[in-house]
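Enquirer: A predicted structure for the sequence below; I have some questions about it.
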Amino acid sequence: MERADIVRLDKGHVWHPYTAMEAYIAGTDPLVISRSEGPYLFDVDGRRYLDANGSWWVSTLGHRHPRLVRALVEQAGSLPHVSLAGVTHAPASLLASELAAIAPGADRASLPAAERLSRVFYSDNGSTAVEVAIKMAAQYWAQNERPRRTRFITLSGAFHGETIGATSVGGVPLFREVFGPLLFDVVHVPSPAEEGGWERAFEQVQAALRAHPDEIAGVIVEPVLQGAAGMLMYAPDFLRAVREATRAVDTFLIADEVFTGLGRTGARFAVDLADVVPDLLCLAKALSGGLMPFGATLASERIFSGFLGAPQRALYYGHSYCGNPLGAAVAREVLAVYRDEDVMGQVARKAPRIRAAFERMAETIPGLVRPRALGMVGAVDLGGGGYLARGGWRVYEAARRRGLYLRPLGDTVYIAPALNIPDDALTELLDGVEASLREVAGG
Ligand SMILES: *Cc1c(COP(=O)(O)O)cnc(C)c1O
């Protein structure tokens, strides 16, 4: 199909995510992608684009990794789908045991059985993985002697997904305000990534926990890295402090690792950077390597136990595609590729290059501020304009002319490439980002 025909049908019918559609229809010349391979996307005319963000942070092993494709095809040849209601299958049961075996704390002999993340609830994306965690926490307290515990503490700038529950615990005002009347009440505290340091945010967490110990069902965080807020990073000390504070009043810590999980930050899980074991941990994105929508919520044995007993104590929740065999088979293969290709070792070798490149850019290109890097993320801001600022989009255009797909977050220009991006492609990426920033910032 020709590019022009695809775009005509698109502009006639497709409503795009996070897109001002009037401006899009009037003026945007979208990329029209027909193929992908490794770190690259190819458009219908054969033009190649280096994917700087792993297609919204999911393609952590590059596009169309041959082993993942094979796992998908093989699974499709035997069992593409069956419900997980009164039924089980090898991919779902094996994956659950494998996730439990690598979960934070799994290798810590002293961790009590009740605190181990040994139970896995499947869903189909990051938002639902968070929704599940919220419902588990709320229902746990409702039926385990703390029925007033219905409020969550959440960080300013937090992004936890798109459902009303996930939006309620979100902290980006632009994404929340219009739905204000529909959202449930939460306790907002400042982001630990804000100037002034993590201690200020922690003091407010502590104060809220102490003021309302009977009301707080849990504290939900994106550990160490707040992605959608603009790749904001904070000290792992904050997580350790919050873990202690939640433990002191015996409430839950929920780690939303939908973005950070499986190596993005340089550790397998971002909570590992703080050596903290949460009560609930949400996974999606990297979990199925950009092949299938797939999510998982890991729960402690204690939380799981709180749903045993009479039938009305069960978690009455589940999506049609819960534990989908295609997604589960691909996710198992993702974990196997991490082992066999030493993906974490690759990250350890590449991360310093990203950090050095962003630091150099900020030093040599006027107008760039706050260079930062963590694992396989590098970011820098063009001033402080926030999500609706346009500077990042000018860099996007400049990068596109150089064959880079570099979607910004407002004035934040960042990269979050495949963790296994080849060295020469990483060089091409960093050089391209630098040249694009130089062109726009005029250095
Ligand atoms: C992307 C993201 C989500 C939502 O995941 P979807 O798969 O887009 O629903 C939730 N939490 C975090 C931290 C994310 O980055």
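Expert: Thanks, I have the structure now.

Enquirer: Check the stretch 101-250 of the chain for the residue nearest the ligand and tell me.
Expert: The stretch 101-250 of the chain approaches the ligand most closely through Gly126 (2.1 Å), counting by CB to the nearest ligand atom. No exception for glycine: its C-beta is placed from N, CA and C like everyone else's.

Enquirer: got a list of what that residue touches?
Expert: 160-161, 256, 258-259, 282, 284-285, 295 (CB atoms under 8 Å, 6 or more residues apart in numbering).

Enquirer: Report pLDDT for it.
Expert: Note for Gly126: predicted pLDDT of 98.

Enquirer: From His65, how far out is it?
Expert: Distance of Gly126 to His65, given as CB to CB, to the nearest Å: 20 Å.

Enquirer: And for Pro311?
Expert: 43 Å.

Enquirer: Give the residue from the two that has the larger number of neighbours.
Expert: His65 (24 against 6; other CB atoms under 10 Å).

Enquirer: so what's that one up against?
Expert: Contacts of His65 (CB under 8 Å, 6+ apart): 289, 337.

Enquirer: What's the mean pLDDT across stretch 326-335?
Expert: 98.

Enquirer: Hmm, I typed the wrong one, I wanted stretch 217-235.
Expert: 97.

Enquirer: So which bits of that stretch are buried?
Expert: Neighbour counts over stretch 217-235 (16 or more other CB atoms under 10 Å) mark 217-235 as buried.

Enquirer: The ligand contacts on the stretch 101-250 of the chain?
Expert: Within the stretch 101-250 of the chain, the positions near the ligand by CB under 6 Å from any ligand atom are 125-127, 130, 159-162, 222, 227-228.

Enquirer: That should have said the stretch 251-400 of the chain, apologies.
Expert: With CB under 6 Å from any ligand atom as the criterion, the stretch 251-400 of the chain meets the ligand at residues 256, 258-259, 284.

Enquirer: One more pass at 8 Å, please.
Expert: When proximity is defined by CB under 8 Å from any ligand atom, the stretch 251-400 of the chain lies next to the ligand at 256-260, 282, 284-285, 293, 295.

Enquirer: Val242 versus the residue nearest to Pro278 when sequence neighbours are not counted, what's the distance?
Expert: Excluding the flanking residues, the one nearest Pro278 by CB to CB, 6 or more residues apart in numbering is Ala255, at 3.9 Å. To Val242, Ala255 is 10 Å away according to CB to CB.

Enquirer: which one of those two has more residues nearby?
Expert: Legend: neighbour count by other CB under 10 Å for Ala255 and Val242, higher for Ala255 (31 against 27).

Enquirer: Output the below-cut-off pLDDT ranges for the stretch 51-200 of the chain.
Expert: Judged by pLDDT under 70, the stretch 51-200 of the chain has no weakly predicted residues.

Enquirer: now the helices for it?
Expert: 54-57, 66-78, 90-102, 126-143, 164-168, 173-176, 198-211 (DSSP state H, counting those that start in this stretch).

Enquirer: any idea which of those helices is most buried?
Expert: helix 126-143 (a mean of 24; mean count of other CB atoms under 10 Å).
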